[in-house]
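Chemist: how would this look folded up:
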Amino acid sequence: MDQLVGTLTTLCYLEQDNCLLMMHRVKKKHDVNQDKWIGVGGHALPYESPEDCLLREVREETALTLTDYRFRGLVTFALKGVETQYMCLYTATGWEGELDYNCPEGVLEWVPMDKIDDLELWIGDKVFFRLLKENQPFFSLKLGYDGDTLEECVLDGKPLDWRKYLECR
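Modeler: Numbering: from 1, shown residues only. Below you'll find the model as predicted:
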């Protein structure tokens with residue numbers, strides 16, 4: 001019998017005044033996301049639901065408590081030589097508390113949405129940013145990487161030519 005292999009993670013983009021809260025991953029050594037810009041989130045702990053993980057990770061990395069958030073999609077990262085990651089992708093428009101910019105994971109910055117593509121992003125992230133921008137209903141996106149190279153992109157079970165998809169802006 002095959003066993004489920006993989007790690008559950010969450011990622012959240014907080015939205016405010018046409019900006020997204022982004023994290024520049026420059027603080028940790030040996031970080032798979034080194035120098036990339038991503039949202040806030042992380043790995044689920046044993047017995048955590050995706051929402052438990054989301055709320056804990058956002059609180060740990062920003063000091064904010066989410067009050068209004070939406071589960072947007074499931075992103076499967078199939079990385080050669082690395083355990084598969086199942087990332088629950090969220091956006092949030094409501095929270096309580098004061099943002100603590102002193103995050104141990106990276107540098108937090110509000111980035112205008114029209115400047116996101118200018119950042120150092122994973123190619124696959126550009127695909128799901130476009131899906132979010134298009135306000136796609138809940139989606140399942142599989143991203144197959146070999147190192148930093150995106151080799152496979154599958155949206156809702158159908159192969160997606162991500163190069164053409166990203167060109168059609």
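
Chemist: what sits up against the lengthiest strand in the chain?
Modeler: In the chain, taking DSSP state E as the definition, the longest strand is strand 65-79. Residues from elsewhere that reach strand 65-79, judged by C-beta atoms under 8 Å, 6 or more residues apart in numbering: 11-12, 50-51, 54-55, 58-59, 84-97, 124, 128, 131-132, 136, 138-145, 152. Just so you know, the C-beta spots here come from the backbone N, C-alpha and C atoms, and that holds for glycine as well.

Chemist: neighbouring strands for that strand, and are they parallel or not?
Modeler: Applying DSSP bridges, strand 65-79 is found paired with strand 85-96 (antiparallel), strand 139-146 (parallel).

Chemist: contacts for the longest one?
Modeler: The reference is to strand 85-96. Strand 85-96 is contacted from outside by 6-16, 41, 50, 53-54, 58, 64-77, 79, 128, 132, using C-beta under 8 Å, 6+ apart.

Chemist: mind checking which of these are buried?
Modeler: Among those, those scoring as buried are 8-15, 41, 50, 53-54, 58, 64, 66, 69, 72-75, 77, 128, 132 (criterion: 16 or more other C-beta atoms under 10 Å).

Chemist: in stretch 17-27, what counts as buried?
Modeler: 19-25.

Chemist: which stretches of the protein form strands?
Modeler: Using DSSP E, strands in the chain cover 7-16, 19-24, 37-38, 40-43, 65-79, 85-96, 107-112, 139-146, 149-155, 158-159.

Chemist: quick one: mean pLDDT for the fifth one?
Modeler: Think strand 65-79. For strand 65-79, mean pLDDT is 96.

Chemist: and the angle for that strand with strand 149-155?
Modeler: Relative orientation of strand 65-79 versus strand 149-155 (axes from the mean of the first three to the mean of the last three C-alpha atoms, to 10 degrees): 110 degrees.

Chemist: by how many degrees do the longest strand of the chain and strand 7-16 diverge?
Modeler: Using the same axes, to 10 degrees: strand 65-79 against strand 7-16 is 130 degrees.

Chemist: how far is strand 65-79 from where the chain is centred?
Modeler: 7 Å (C-alpha atoms, centre = their mean, to the nearest Å).

Chemist: one step back: what's the PyMOL syntax to select whichever of the contacts of strand 65-79 are buried?
Modeler: Filtering these down to the buried ones (16+ other C-beta under 10 Å) takes a single PyMOL command:
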select buried, resi 11+12+50+54+55+58+59+85+86+87+88+89+90+91+92+95+124+128+131+132+141+142+143+144+145
